[in-house]
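Visitor: one predicted model, sequence on top.
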Amino acid sequence: MKRPNHPLVQEFLDAWVYPVGFSGPGVEFRLRMTERCLPVWNGATARALKTGEADQRTPGDQWKIERALAGYALEGPQMSIKQMATQLLSIPLLMQERYIDLQRIRARQIWDEMKHGQLNADVLLRGGWITREEELMDDVRANAQDNLAYFGLTSMFAHIHPLARAAQNYFVEAIACLSIAATLQVVHDPLIRHQTRSQQLEERMHFMEGKYQLDAYALTPEEQAPVEEAFDFLLKPWATRMNAAFGGRAREMGG
Amino acid sequence: MAAPRTVIPIRIDHGACTECRMCYVVCREIDVNAVVVAPDPLHRFEIEMVRCLYPGCTACLMYCPAPGSIVETESGRSLVPPPPDVWTEDRRWARGIP
């Protein structure tokens, strides 16, 4: 018997996942992939809540520092470089016209990710834990993250296809949306709330980009195959790690 | 698509919109082209009702991430996230294999 979804997941599904603007094979494919994603989405939501509650009970500032350092490593310059490589360059010149609006959306996401990196730097600066952003260059925690699935070349190298990226937008950004919702439900620290709330709509927009690509473009078996392969990778238990910025803890959990 | 019905004016609420361009992209893809970049100094997205088919077409609403950013002009009813009555099956664009 199918387990019920976590209430936050169900709310997300009803508001943002199930409403559709198209009918056809793309939508059917996306809903099939959604069923595969749901166990991870539910687990990630429960984990983000649990971590947020534990952080909230923890005295001192160390948990805030860890979240911000991990968030800076996850997003910001590193992610933007990866995005540039795996998204913009995944569209061959001859297909640029067909996907020109996707290219523009992806260019916008690069800016978004830079902003998210800065939000994490802002937490550290406003908390007084660093005095200048350059200090982060000396801290490996701000510069390395071990999530293979998070827009890294590791997961995308075998899938240089304009639509493969949709799997990451859909699967990973949903986790970001759900983790933010969970964090905002239980964490009251103003700096952490500011950091998460200030990126909430952008993470949802990135998710919507994936949803749109799947509905509108992933229509044929040839177009769906690279996307499904990317999902296959993302859903491997060792591929997706929740970053501490989103309620995970380094090296203690798989997807 | 459903048979044409009376068009109800909708607009973008710039107090909620993040200018992410999803509505613009979707509207262009289905060749309705009702979402435009306004020729004013802010270059914000606007909906031109001469081309918009709402409530016959609701495609843009399904991909907008910002709650409350598209509203019915007269009633002020928020259409994001889309209420169930605006994404019924007869309003979806058939998207088949080319």
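Guide: Looks like it came in fine.

Visitor: make it CA atoms for all contacts and neighbour counts henceforth
Guide: OK.

Visitor: so residue A:161, which state does it fall into?
Guide: Recorded secondary structure, residue A:161: coil (DSSP: H, G, I helix; E, B strand; the rest coil).

Visitor: what is the burial count for it?
Guide: Residue A:161: 19 surrounding residues under other CA atoms under 10 Å in any protein chain shown.

Visitor: that one - nearest residue in space that isn't next to it in sequence?
Guide: residue A:90 (5.6 Å; CA to CA, 6 or more residues apart in numbering or on different chains).

Visitor: for residue A:111, same thing?
Guide: Closest residue to residue A:111 apart from its sequence neighbours, by CA to CA, 6+ apart: residue A:80 at 7.7 Å.

Visitor: what is the burial count for that neighbour?
Guide: Residues contacting residue A:80 under the criterion other CA under 10 Å number 21.

Visitor: which residues sit in contact with the residue nearest to residue A:161?
Guide: Each residue near residue A:90 by CA atoms under 8 Å, 6 or more residues apart in numbering or on different chains is listed here: A:160, A:161, A:162.

Visitor: list the contacts of the residue most central in space within chain B.
Guide: Note on chain B: the residue nearest the mean C-alpha position is residue B:60, at 4.0 Å, using CA atoms, centre = their mean. The neighbours of residue B:60, taking CA under 8 Å, 6+ apart as the test, are A:21, B:22, B:23, B:24, B:26, B:27.

Visitor: got the residues of chain B near chain A?
Guide: B:18, B:20-22, B:25, B:58-66, B:81-82, B:84, B:87, B:91-97 (CA under 8 Å from any CA of the partner chain).

Visitor: buried members of these into ChimeraX, please.
Guide: ChimeraX command restricting the residues of chain B next to chain A to the buried ones, with burial defined by 16 or more other CA atoms under 10 Å in any protein chain shown:
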select /B:18,20,21,22,25,58,59,60,61,62,63,64,65,66,81,82,87,91,92,93,95
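
Visitor: ok, which stretches of chain B are helices?
Guide: B:22-29 (DSSP state H).

Visitor: now do the lowest-mean-pLDDT helix or strand in it: which elements does it pack against?
Guide: Lowest on mean pLDDT, DSSP states H and E among the helices and strands of chain B sits strand B:93-94, with a mean of 92. Here strand B:93-94 touches strand A:22-23, going by 3 or more CA pairs under 8 Å, 6 or more residues apart in numbering or on different chains; DSSP states H and E.

Visitor: quick one, helices of chain A?
Guide: A:7-12, A:25-57, A:62-74, A:76-86, A:100-126, A:153-156, A:165-186, A:190-217, A:221-234.

Visitor: okay, now residue 76: neighbour count?
Guide: The chain I'm using is chain A. With other CA under 10 Å as criterion, residue A:76 counts 23.

Visitor: wrong one, I was asking about chain B
Guide: Around residue B:76 there are 13 residues (other CA under 10 Å).

Visitor: and if you look at the one 3 residues further on?
Guide: Other residues lying near residue B:79 total 20 when counted by other CA under 10 Å.
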